[in-house]
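**Q** prediction below, plus the sequence it came from.
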Amino acid sequence: MIKKIVLFISCILLLNASSAQSACSLTCDFSEYTAMNASVRSAIMPGWGQGWNEQTTKGWIVFGVFSLSVFGAFYYYNVAESDYEKYENMGSINGSLYNDYKSSLNTSRTLGVVAIATWVYAVVDAYIVANKKSKLYSYKKFDVTAYSNDGIMLKYKTKISI
């Protein structure tokens, strides 16, 4: 009986989802060269906005610093957790394990701050550079839409810089 109820509710939700999908449509176009598109790309993955701005070396450096600092923050946090467990199991108050725990925890926090600062830098830098560059170039956008006999719509978008 429960299986039938779950199947019935699933069918109703599936039908409602498909009708809601056809009723409203949202399209996000990030192909146009704007400052906002560059900053969104860097917000998703630090360094991607710099690559979009044709600063590939800077993009790889930003991505590398961000990745290494995130990896290091998680690594040192796990080391701090294991050091604290060892310290608790030892039962001694004046042990060197507590100093190891505090050192690893502080390193983890510092690397976390570096990761956040790198992320913010990537977003702001991508926005500023793209805002300066977009004033230098003019882009013409071409959209080609074709319909088949079955009602399938094919779209092709391209842009040409002048």
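**A** Now that the structure is in, tell me what you want to look at. Numbers count the residues shown, from 1 in each chain.
**Q** packing partners of the helix ranked longest in the chain?
**A** In the chain, with assignment by DSSP state H, the single longest helix is helix 96-134. Helix 96-134 sits against helix 35-44, helix 48-52, helix 56-90, with contacts defined as 3 or more Cβ pairs under 8 Å, 6 or more residues apart in numbering; DSSP states H and E. Using the backbone N, CA and C atoms, a C-beta is placed for each residue, glycine as well.
**Q** let me have these in a markdown table, extended by mean pLDDT.
**A** Putting the helices and strands packed on helix 96-134 into a markdown table (pLDDT from 0 to 100) gives the following:
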| stretch | mean pLDDT |
| --- | --- |
| helix 35-44 | 90 |
| helix 48-52 | 90 |
| helix 56-90 | 92 |
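**Q** right, so those: which one is the most enclosed?
**A** Ranked by mean neighbour count, the helices and strands packed on helix 96-134 are led by helix 48-52 with a mean of 23 (mean count of other Cβ atoms under 10 Å).
**Q** neighbours of residue 134, how many?
**A** 17 (other Cβ atoms under 10 Å).
**Q** now do the contacts for it.
**A** If a contact means Cβ atoms under 8 Å, 6 or more residues apart in numbering, then residue 134 has 33, 34, 35 as its contacts.
**Q** figure out which of the helices and strands packed on helix 96-134 is closest to residue 128.
**A** Nearest to residue 128 among these is helix 35-44 (7.6 Å), distances taken as Cβ to Cβ.
**Q** and the contacts of the closest one?
**A** By Cβ under 8 Å, 6+ apart, helix 35-44 touches 30, 48-53, 62, 119, 122-131, 134.
**Q** and the angle for that helix with helix 56-90?
**A** Counting by axes from the mean of the first three to the mean of the last three Cα atoms, to 10 degrees, helix 35-44 lies at 30 degrees to helix 56-90.
**Q** tell me what angle helix 35-44 forms with helix 96-134.
**A** Going by the same axes, to 10 degrees, helix 35-44 makes 160 degrees with helix 96-134.
**Q** with just CA atoms, put helix 35-44 into PDB.
**A** Extracted in PDB, the C-alpha atoms of helix 35-44 (Å, rounded to 0.1, in the frame of the first residue of the first chain):
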ATOM      1  CA  ALA A  35      32.400  42.900 -16.000                       C
ATOM      2  CA  MET A  36      29.600  41.100 -14.300                       C
ATOM      3  CA  ASN A  37      30.200  38.000 -16.300                       C
ATOM      4  CA  ALA A  38      33.900  38.000 -15.500                       C
ATOM      5  CA  SER A  39      33.200  38.500 -11.800                       C
ATOM      6  CA  VAL A  40      30.600  35.700 -11.700                       C
ATOM      7  CA  ARG A  41      33.100  33.400 -13.300                       C
ATOM      8  CA  SER A  42      35.700  34.200 -10.600                       C
ATOM      9  CA  ALA A  43      33.100  33.800  -7.900                       C
ATOM     10  CA  ILE A  44      32.400  30.200  -9.200                       C
END
